[in-house]
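[1] how would this look folded up:
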Amino acid sequence: MSTPGRPSDAPLRPLRPLPRLIFFSRWLQLPLYLGLIAAQGVYVYKFLVELWHLISHATTLDETQIMLVVLGLIDVVMISNLLIMVIIGGYETFVSRLGVEGHPDEPEWLDHVNAGVLKVKLSMALISISSIHLLKTFIDAAQQTPHTIMWQVIIHCVFLLSAVVMAVVNKMTNESHAPAYATPQQVIPHTRPH
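    Below you'll find the model as predicted:
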């Protein structure tokens, strides 16, 4: 993929020492992403333990308990999806290209990922995870204090509001920058009303 404003066959100019150091500092994030991959492994283990618990106790659990375990499994899957978005999207956005363009298993969302899109997707994932936790709380409300339920609802509403604000800001930013990045064929001239 060529950089806008620079022909793809133009030779790269060597960087001066300070810009080179700053540019290569992005690789300090690599251990963080590897750590998240290890955390993903922990979630796979937790999922398998919970699944085994559900299967081995299926005859003794009542419907509410089964629902709570299933919601717990869904929660683990959603957190795992969140980890994948952060690992793949963050690495691709902030560290280096993965080079999976055209690969049959390339995630659909990866071809248009940037920091703004990643923030919106992450906020939507957090809202989904928060929804699962809130649903688990409402199903087992007798075991929760009103204070706990109130704060979970407030936190969920704050997640919703922040996601809406991020989406609006991302949309405004994309619209204001769209003409600057568009090719001449993509720019649609504004017509004045007569």
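[2] low-confidence ranges, the protein, go.
    In the predicted model, the chain carries pLDDT under 70 at residues 1-10, 177-194.
[3] cutoff 50 now
    1-3, 5, 187, 194 (pLDDT under 50).
[4] what ranges does it have for its strands?
    Shown for the chain, no strands are assigned by DSSP state E.
[5] tell me which residue is most central in it.
    residue 122 (3.3 Å; Cα atoms, centre = their mean).
[6] identify the residues contacting that one.
    Applying Cβ atoms under 8 Å, 6 or more residues apart in numbering to residue 122 gives the contacts 82, 85, 86. Just so you know, the C-beta spots here come from the backbone N, C-alpha and C atoms, and that holds for glycine as well.
[7] the same query, at a cut-off of 6 Å, please.
    Contacts here follow Cβ atoms under 6 Å, 6 or more residues apart in numbering; on that basis residue 122 touches nothing.
[8] neighbours of residue 147, how many?
    For residue 147, the neighbour count with other Cβ atoms under 10 Å is 8.
[9] again but with residue 58, I slipped
    Neighbours of residue 58 (other Cβ under 10 Å): 10.
[10] what about the closest residue to it other than its chain neighbours, neighbour count?
    Excluding its sequence neighbours, the residue lying closest to residue 58 (Cβ to Cβ, 6 or more residues apart in numbering) is residue 66, at 7.4 Å. Neighbours of residue 66 under the rule other Cβ under 10 Å: 13.
[11] what's the spacing between residue 66 and residue 132?
    Note on residue 66: its distance to residue 132, by Cβ to Cβ, to the nearest Å, is 15 Å.
[12] same check, this time on residue 107
    Distance, residue 107 to residue 132, by Cβ to Cβ: 22 Å.
[13] of these two, which one has the most company?
    Neighbours around residue 107 and residue 132, counted as other Cβ under 10 Å, are more numerous at residue 132. The numbers are 19 against 14.
[14] list the contacts for the more buried one?
    71, 74, 75.
[15] neighbours of the last one, how many?
    I take that to be residue 75. 21.
[16] which residue sits closest to it, ignoring its sequence neighbours?
    Closest to residue 75 by Cβ to Cβ, 6+ apart is residue 132, at 4.7 Å.
[17] any chance of the contacts of residue 132 in JSON lines with distance to residue 140 as columns?
    JSON lines is the format used below for the contacts of residue 132 (distance: Cβ to Cβ, whole Å):
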{"residue": "71", "distance to residue 140": "10"}
{"residue": "74", "distance to residue 140": "15"}
{"residue": "75", "distance to residue 140": "14"}
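[18] in helices, which of these fall?
    Among the contacts of residue 132, the members found in helices (DSSP state H) are 71, 74, 75.
[19] quick one: contacts for the second one?
    What it means is residue 74. Contact analysis of residue 74 by Cβ under 6 Å, 6+ apart lists residue 132.
[20] mind checking the longest helix of the chain?
    Per DSSP H, the chain has its longest helix at helix 146-181.
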